[in-house]
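Student: sequence and predicted structure, then a few things I'm wondering about:
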Amino acid sequence: MRAPVSHLPLVATQLRYAAGGVAILHGLDLAIEAGPPLVILGPNGAGKSVLLRLLHGLIVPTGGNVTWSGEPGRPRGAMVFQRPVMLRRSVLANAAYPLKLAGQPRAARHAAAMAALDRVGLAGLATRAARRLSGGEQQRLALARAEATGPEVVFLDEPCASLDPAAARAVEAIIAGIAGRGAKVVMTTHDLAQARRLAGEIAFLHRGRLLEQAPAATFFSAPSTPEAAAFLRGELLA
Ligand SMILES: Nc1ncnc2c1ncn2[C@@H]1O[C@H](COP(=O)(O)OP(=O)(O)OP(=O)(O)O)[C@@H](O)[C@H]1O
């Protein structure tokens, strides 16, 4: 069997973003390779969500560029937001939606969507209206929907921000499973404990600048900037 074509590395070069006359990212360089999850860490307002959206291609930089495997390109990968947006349809229809957009026949897309629901523990709720699910269930459904097409990169923006600890653990287990199938997870969080549990690599952002990109073990044991050290001590809040 031929290996699937890889679009990694994903490289940001001198990435800038400004909105409403305010500079949010100030010329950021970042390279993302295949491997364990990259967690974009930093205090509130550091620019984590904006960076994630730029990397995915959901928004366009005001300066610099993003390339996939050396090619400037169309948006790639799947994105899961902090508060998932559900179609006013069944759980199954939501999970199958990306496959419908991809033109898969109905029987095949329903089988694939059911398999994706099963992996997140929602197969039993397939006929339920998606908008009636709890917050934790909706986030698991959003992950199943993102996974339905087997994307090479899955972007997650604060995926556990509004969840209780049990729901957050369930979502973390799914994220570990996504990484386990070989997809690249790129996620934002300001939750240090979650970053320790999930990250293979950390990109530390502060006030729109990338201060460190390091293996997680290195970052947590020997941060190389005073800002990261202060953040790890719980002292850097913005
Ligand atoms: N479209 C926009 N217009 C104006 N300002 C914006 C816009 N998008 C983001 N910002 C500002 O840019 C800064 C970075 O926002 P961003 O959401 O990326 O931060 P973050 O690191 O994800 O923070 P948090 O952890 O609080 O979610 C914030 O000060 C935010 O208010």
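Tutor: Everything's here; your move.

Student: residues from the chain in reach of the ligand?
Tutor: Contacts of the chain with the ligand, taken as C-beta under 6 Å from any ligand atom, map to 19-20, 22, 24, 42, 44-50, 188, 190. Where you see a C-beta, it was placed from the backbone N, CA and C, and this is true even at glycine.

Student: residue 103: how many residues sit nearby?
Tutor: Neighbourhood size, residue 103 [other C-beta atoms under 10 Å]: 7.

Student: likewise for residue 126?
Tutor: The burial count for residue 126: 18, using other C-beta under 10 Å.

Student: centre of the chain to stretch 163-177, how far?
Tutor: Centroid separation for stretch 163-177 versus its chain: 14 Å, with C-alpha atoms, centre = their mean, to the nearest Å.

Student: name the helices or strands packed onto the top helix by length along the chain?
Tutor: Taking DSSP state H as the criterion, the chain has its longest helix at helix 165-180. Helices and strands touching helix 165-180, by 3 or more C-beta pairs under 8 Å, 6 or more residues apart in numbering; DSSP states H and E, are helix 135-147, strand 184-189, helix 192-198.

Student: could you dump these to TSV with mean pLDDT and mean neighbour count?
Tutor: TSV is the format used below for these (pLDDT from 0 to 100; neighbours: other C-beta atoms under 10 Å):
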stretch	mean pLDDT	mean neighbour count
helix 135-147	96	24
strand 184-189	96	24
helix 192-198	95	17
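
Student: just so I know, which of the ones you listed lies nearest residue 100?
Tutor: The minimum distance between residue 100 and those falls on helix 135-147, with 11.0 Å, by C-beta to C-beta.

Student: now what about the lowest-mean-pLDDT helix or strand in the chain, what contacts it?
Tutor: One helix or strand of the chain scores below all others by mean pLDDT, DSSP states H and E: strand 71-72, with a mean of 85. With contacts defined as C-beta atoms under 8 Å, 6 or more residues apart in numbering, strand 71-72 is touched by 65-66.

Student: before we move on, what about stretch 158-175?
Tutor: With C-beta under 8 Å, 6+ apart as the contact definition, stretch 158-175 has outside contacts at 37, 48-49, 80, 82-83, 119-121, 134-136, 139-140, 143, 156, 185, 187-191, 194, 197-198.

Student: which residue ranges of the protein form helices?
Tutor: Along the chain, counting by DSSP H, helices occupy 48-56, 91-101, 106-119, 135-147, 165-180, 192-198, 216-221, 226-232.

Student: tell me the most buried of those?
Tutor: Highest mean neighbour count of the helices of the chain: helix 135-147, a mean of 24 (counted as mean count of other C-beta atoms under 10 Å).
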